[in-house]
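Visitor: could you look at this predicted model? Sequence included:
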Amino acid sequence: MIEPGSQAPAFTLPDQDARDVSLGDFAGRKLVIAFYPLDFSPVCTDQLSLYQEVLAELDQRGATLVGVSVDSPYCHAAFRERLNLTMPLLSDFHPKGAMSRAYGAWIEKVGHGNRSLVLVDERGIVAWSHASPTPLEIPGANLIFDALAA
Amino acid sequence: MDELTSAAVPPLRADDHVTGRGPEAIVYIDLACPACAAVWPRIRELPLELCFRHFPMTSKHPRSPALHAAAEAAAGQGALWEMADSLFAERGRVDDPHLWERAERFGLDLDRFQSDRRSGAVAERVQRDFRSGVRAGVAGTPAAFAEGAPLPGEVEAGLRGLTT
């Protein structure tokens, strides 16, 4: 898992609407990156639904949350629609898992991201990172607010 | 701005919804959640002092806020548990006319029920529970706590373990 104090690796990935999204787009704001295994899986469904509930309060604290998984933009679009999600979902589809690997949020043996959170500060520096002990464990939203308050 | 940083699950409060006798347990429940509905009847049979707290997952279950408001409004007339039991037992009957029918069946003052379930006080009460759950690390429903700590693993088994 990428360590606090590191420069956040640059990325450019398509979102659910196939629009390119880059790290630089968030300069001057805090960026919370939620790496998760797979759209529509039960645990990921709970996780993204939970974060949606607190999205407005993250925004009030100057933070934008994005989700990242290996799913395609089409799949992301359907997942967002199903769960009424409004946060961007980035497609780490090709080359598969490149961003997740760069942030140390990758499980090679299963070929998808590890459930992990990264907070990038306004200058593009990793301020906090957290990897779930297992992909079945959802990091509570409280952990994000703890990191923002630190 | 109210905080959402980590905090221990609040102990039982005077206005918490509590029923039964036995070891104390707090459950965070989404009244529109299929997983909650599946375990609810079995949880209700356990010999526990059971505290119900609201945890509506609105994006996933758009009808959830209305159901929690109805349950909290029913609680104002002493019928939280009847309302929760009924909402889980008849998950296909959750539109407003179904809520009115329940209120009448439980002998509630319908005008007061209608007014209360749209009130700011009820919304704030539901949010108080939800936010306490977020701060305690609740990430899905059902979730349960005992002696101030989350019960690991499957919720029904965890609660059942408190009774043995």
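Guide: Sure, I can see it. All values derive from a computational prediction rather than experimental measurement. Numbering: from 1, shown residues only, chains lettered A, B, ... in the order given.
Visitor: tell me how far the ends of stretch A:130-146 are from each other?
Guide: Distance between the two ends of stretch A:130-146: 12 Å, counting by C-alpha to C-alpha, to the nearest Å.
Visitor: list the contacts of the residue nearest the centre of chain A.
Guide: Closest residue to the average C-alpha location of chain A: A:Ala34 at 2.3 Å, with C-alpha atoms, centre = their mean. A:Ala34 makes contacts with A:47-48, A:51, A:65-68, A:116-117, as judged by C-beta atoms under 8 Å, 6 or more residues apart in numbering or on different chains. Where you see a C-beta, it was placed from the backbone N, CA and C, and this is true even at glycine.
Visitor: same for chain B: which of those are within range?
Guide: Contacts with chain B are made by A:Gln47 out of the contacts of A:Ala34, judged by C-beta under 8 Å from any C-beta of the partner chain.
Visitor: looking at the contacts of A:Ala34, spot the one nearest chain B.
Guide: Of all the contacts of A:Ala34, A:Gln47 has the smallest distance to chain B: 6.7 Å, by C-beta to the nearest C-beta.
Visitor: that closest one sits in which helix or strand?
Guide: helix A:42-53 (DSSP states H and E).
Visitor: need the contacts of A:Ala34 in TSV with neighbour count, distance to B:Ala75 and pLDDT, can you?
Guide: Listed next are the contacts of A:Ala34 as TSV, based on neighbours: other C-beta atoms under 10 Å in any protein chain shown; distance: C-beta to C-beta, whole Å; pLDDT from 0 to 100:
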residue	neighbour count	distance to B:Ala75	pLDDT
A:Gln47	25	30	97
A:Leu48	24	30	98
A:Tyr51	25	29	98
A:Leu65	23	33	98
A:Val66	18	38	98
A:Gly67	27	36	98
A:Val68	26	41	98
A:Ser116	23	39	98
A:Leu117	24	35	98
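Visitor: after the helix holding A:Gln47, next one along is what?
Guide: Criterion used, DSSP H and E; the element after helix A:42-53 is helix A:55-60.
Visitor: mean confidence score for that following helix?
Guide: Across helix A:55-60, pLDDT averages out at 97.
Visitor: buried residues in it, which are they?
Guide: For helix A:55-60, the neighbour count (16 or more other C-beta atoms under 10 Å in any protein chain shown) marks A:55, A:57-58 as buried.
Visitor: chain B next: which of those residues are close?
Guide: Among those, the ones lying near chain B by C-beta under 8 Å from any C-beta are A:Glu57.
Visitor: and the buried residues of helix A:55-60 as TSV, adding distance to A:Leu13?
Guide: As requested, the buried residues of helix A:55-60 are exported to TSV (distance: C-beta to C-beta, whole Å):
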residue	distance to A:Leu13
A:Leu55	20
A:Glu57	25
A:Leu58	20
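Visitor: from the buried residues of helix A:55-60, which is closest to B:Ala144?
Guide: A:Glu57 (25.0 Å; C-beta to C-beta).
Visitor: please tell me I have it right and that closest one contacts B:Glu3.
Guide: No. With contact defined as C-beta atoms under 8 Å, A:Glu57 does not reach B:Glu3; the gap is 9.6 Å.
Visitor: can you list the weak-confidence ranges in chain B?
Guide: Residues of chain B meeting the criterion pLDDT under 70: B:1-2.
Visitor: how far does the helix ranked longest in chain B sit from the chain's center?
Guide: Criterion DSSP state H: the longest helix present in chain B is helix B:120-135. Mean C-alpha position of helix B:120-135 versus that of the full chain (C-alpha atoms, centre = their mean, to the nearest Å) differs by 11 Å.
Visitor: one more: stretch B:42-58?
Guide: So, by C-alpha atoms, centre = their mean, the centroid of stretch B:42-58 is 6 Å from its chain's centroid.
Visitor: near chain A, which residues of chain B are found?
Guide: B:1, B:3-7, B:57-60, B:62, B:130, B:134-140.
Visitor: quickly list what's touching both of A:Glu57 and B:Glu3.
Guide: Common contacts of A:Glu57 and B:Glu3, defined by C-beta under 8 Å, 6+ apart, comprise A:Phe145.
Visitor: can you tell me the SS state at residue 28?
Guide: Let's take chain A. In three-state terms, and counting by DSSP: H, G, I helix; E, B strand; the rest coil, A:Gly28 is coil.
Visitor: you answered for a different chain; I wanted chain B.
Guide: Three-state call for B:Tyr28 (three-state DSSP): strand.
Visitor: is it correct that it is in contact with B:Thr141?
Guide: Yes. Between B:Tyr28 and B:Thr141 there is a contact under C-beta under 8 Å: 6.0 Å.
Visitor: mutual contacts of the two, please.
Guide: B:Phe55.
Visitor: direction included, what does the helix or strand where A:Trp128 lies pair against?
Guide: Under DSSP H and E, the secondary-structure element containing A:Trp128 is strand A:126-131. Strand A:126-131 pairs in its sheet with strand A:116-120 (antiparallel), by DSSP bridges.
Visitor: cool, thanks, signing off.
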